[in-house]
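**Student:** model the following, please.
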Amino acid sequence: MSYIDKSLGNGEVVITRARFHWLYTANAWGQVLLPLVVLGVLYAEASQNPPVFSMDNPYGLGMILVGIWLLFGIAGCARMLIRKATTEIGVTSHRFVEKYGLVSMRTNEIALQNIEGVRVNQSVVGRVFGYGTVRIEGTGVDSVTTPSIADPVGFVRAIQTAREHPANKP
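**Tutor:** Here you go, the predicted structure:
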């Protein structure tokens, strides 16, 4: 059961949940696949000039450097996929909720009546593919910026719809 579902109060319902855009996952896997492809090409070329892992072979140093690139790619991919798997973002009938963390858990919650402003930030590519970040500003110094999510405009629309609910009007 998700954190948002576990933390619902009496009469509180989930209005919407944000999700990571598919390009986020593609980026994570690309950090591993691109160096693997380059490593495969270098290995194929190096195998025609034995010995493969010799410094006399012009491809040997390249393979070592791409191997290091692959290690960084694996770490980056793991970090991104863990973040995706352990992040929940949603709007309930009473509040905005963001939960993240694998070993330790951190949450950000802002009551809907305490939300002063909501901003969408989309790059040109984000507008074309439909992803961006949402910054939610609460009363005082509270503000939360989501990671890149799919359909940020729809997410903001869900926040506005939830704020207009009769239970959230003073």
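**Student:** the chain: helices as residue ranges?
**Tutor:** Secondary structure of the chain by DSSP state H: the helices cover 3-6, 22-46, 58-86, 124-129, 152-163.
**Student:** deepest in the core, which of these is it.
**Tutor:** Scoring those by mean neighbour count under mean count of other C-beta atoms under 10 Å gives helix 152-163 as the most buried, with a mean of 17. Backbone N, C-alpha and C define where each C-beta goes, glycine included.
**Student:** can you name the residues in contact with that one?
**Tutor:** For helix 152-163, the external contacting residues (C-beta atoms under 8 Å, 6 or more residues apart in numbering) are 15-16, 18, 91-93, 96, 112-113, 115, 118, 120-122, 131-134, 136, 146, 149, 168.
**Student:** again, only using 7 Å
**Tutor:** 15-16, 18, 91, 93, 96, 112, 115, 118, 120, 122, 131-134, 149, 168 (C-beta atoms under 7 Å, 6 or more residues apart in numbering).
**Student:** any of those buried? List them.
**Tutor:** For the contacts of helix 152-163, a burial check counting by 16 or more other C-beta atoms under 10 Å picks out 15-16, 18, 91, 93, 96, 112, 115, 118, 122, 131-134, 149.
**Student:** residue 39: which of these is nearest?
**Tutor:** Nearest to residue 39 among those is residue 131, at 29.7 Å by C-beta to C-beta.
**Student:** what are the bridge partners for that closest one, then?
**Tutor:** residue 150 (DSSP bridges).
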